[in-house]
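Undergrad: fold the following for me, if possible:
(one chain, ligands or ions: 1)
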Amino acid sequence: MTVEPRASQLLRPETGDLGRRRLLGWSLRTSFGALLAAVVYPVVRFLNPPEEKAAATDEADAGGVSDPEFLEKGYRIVRFGSEPVIVLRISDTEFHAFSAVCTHLACIVEYDRARRQIACNCHNGQFDVQGQVVGGPPPRPLTRFAVHLVAPPGSAPRVIVSRA
Ligand code: FES
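TA: Next comes the predicted model:
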């Protein structure tokens, strides 16, 4: 007894079926590879972050002594290289600057002018205007920066921050 091939088998060459399987396999492998890369890359970058360069500067300009932000809020946060620095306006001629990174768990602090305290809202850490801990869990004072008021010729003085 002989088995006759069906008409559809006669019309479809073997190479076409094989080609589709190879294409499907290649497509699946490529998709899986892309998915794996999309998942693994962020994890690797999180576990091994790129090193931030230290401040490549010796000083930072925190703005004019009459900067609207100083007048409205009593402070500004400026960048000193890669480090945020909080600059307090105590009076027209007195400014203090500290690292804005809380010494507890590294949240960014703010200045509460009404209470004359630097506050960390993460865990209610409190520092006085000298950067000393007066409440909450921070284990150390804030790192102090030096402040100089520099008056360019013909302009209002500017607040210049540098390492203490
Ligand atoms: S991070 Fe500032 S009090 Fe916890």
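Undergrad: how is this structure divided into domains?
TA: Domains of the chain are assigned by automatic domain parsing as 7-47, 59-163.
Undergrad: any chance of those domains in CSV, plus mean neighbour count?
TA: Where C-beta positions appear, they are placed from N, C-alpha and C, glycine not excepted. Formatted as CSV, those follow (neighbours: other CB atoms under 10 Å):
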stretch, mean neighbour count
domain 7-47, 10
domain 59-163, 16
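Undergrad: any idea which helix or strand comes after the helix ranked longest in the chain?
TA: Of all the elements of type helix in the chain, the one with the most residues (DSSP state H) is helix 14-47. Counting by DSSP states H and E, the next helix or strand C-terminal to helix 14-47 is strand 59-64.
Undergrad: can you tell me which helices and strands that next one packs against?
TA: strand 75-80, strand 83-89, strand 158-163 (3 or more CB pairs under 8 Å, 6 or more residues apart in numbering; DSSP states H and E).
Undergrad: okay if I get these as JSON lines plus distance to the ligand and mean pLDDT?
TA: Listed next are those as JSON lines, based on distance: least, CB to the nearest ligand atom, whole Å; pLDDT from 0 to 100:
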{"stretch": "strand 75-80", "distance to the ligand": "15", "mean pLDDT": "96"}
{"stretch": "strand 83-89", "distance to the ligand": "13", "mean pLDDT": "96"}
{"stretch": "strand 158-163", "distance to the ligand": "21", "mean pLDDT": "95"}
